[in-house]
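Peer 1: Return a 3D structure for these sequence lines:
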Amino acid sequence: MENKIKNLIIKELEKNNIILDNIEYLKEDGANYLRVIIDKEGYITSKDCVEVTKIINPILDKEDLIKEAYILDVCSKERG
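Peer 2: Sure thing, here's the model as predicted:
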């Protein structure tokens, strides 16, 4: 499923100079999470995460690949 989602959203993110680092679909504390991990040149801000959410949410809703309820979590890549 992660690869299908990646293929749906990667071009839209690239148009906005966002790098898609990883996608994870997992269960934490009883809730399903779709975690979209992003990066870009410089640093990711909370505004970037909000913008990416606005970009990908309609795509995910239209394609409806995930049938159960989930939380969309857009976050930045950890830097070490």
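Peer 1: Tell me the secondary structure at Glu51.
Peer 2: Secondary structure for Glu51, judged by DSSP: H, G, I helix; E, B strand; the rest coil, is helix.
Peer 1: so what's it closest to, chain neighbours aside?
Peer 2: Counting by Cβ to Cβ, 6 or more residues apart in numbering, Asn16 is the residue found nearest to Glu51 once chain neighbours are left out, at 7.0 Å. Any C-beta I mention is one placed from the backbone N, CA and C, and that applies to glycine too.
Peer 1: Residue nearest the middle of the protein, spatially speaking?
Peer 2: Geometric centre of the chain, nearest residue: Val36, 2.7 Å, by Cα atoms, centre = their mean.
Peer 1: what's near enough to touch that one?
Peer 2: Residues in contact with Val36 (Cβ atoms under 8 Å, 6 or more residues apart in numbering) are 9, 20, 23, 52, 56, 72-75.
Peer 1: and it, what element?
Peer 2: Element membership of Val36, judged by DSSP states H and E, is strand 31-39.
Peer 1: export that strand as PDB, just CAs?
Peer 2: Backbone C-alpha positions of strand 31-39 (Å, rounded to 0.1, in the frame of the first residue of the first chain) are rendered in PDB as follows:
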ATOM      1  CA  ALA A  31      -4.900   4.100  16.200                       C
ATOM      2  CA  ASN A  32      -3.900   3.700  12.600                       C
ATOM      3  CA  TYR A  33      -1.400   6.200  11.300                       C
ATOM      4  CA  LEU A  34      -0.400   7.100   7.700                       C
ATOM      5  CA  ARG A  35       2.900   8.800   8.300                       C
ATOM      6  CA  VAL A  36       4.300  10.800   5.400                       C
ATOM      7  CA  ILE A  37       7.900  11.800   6.100                       C
ATOM      8  CA  ILE A  38       9.100  14.700   4.000                       C
ATOM      9  CA  ASP A  39      12.300  16.700   3.500                       C
END
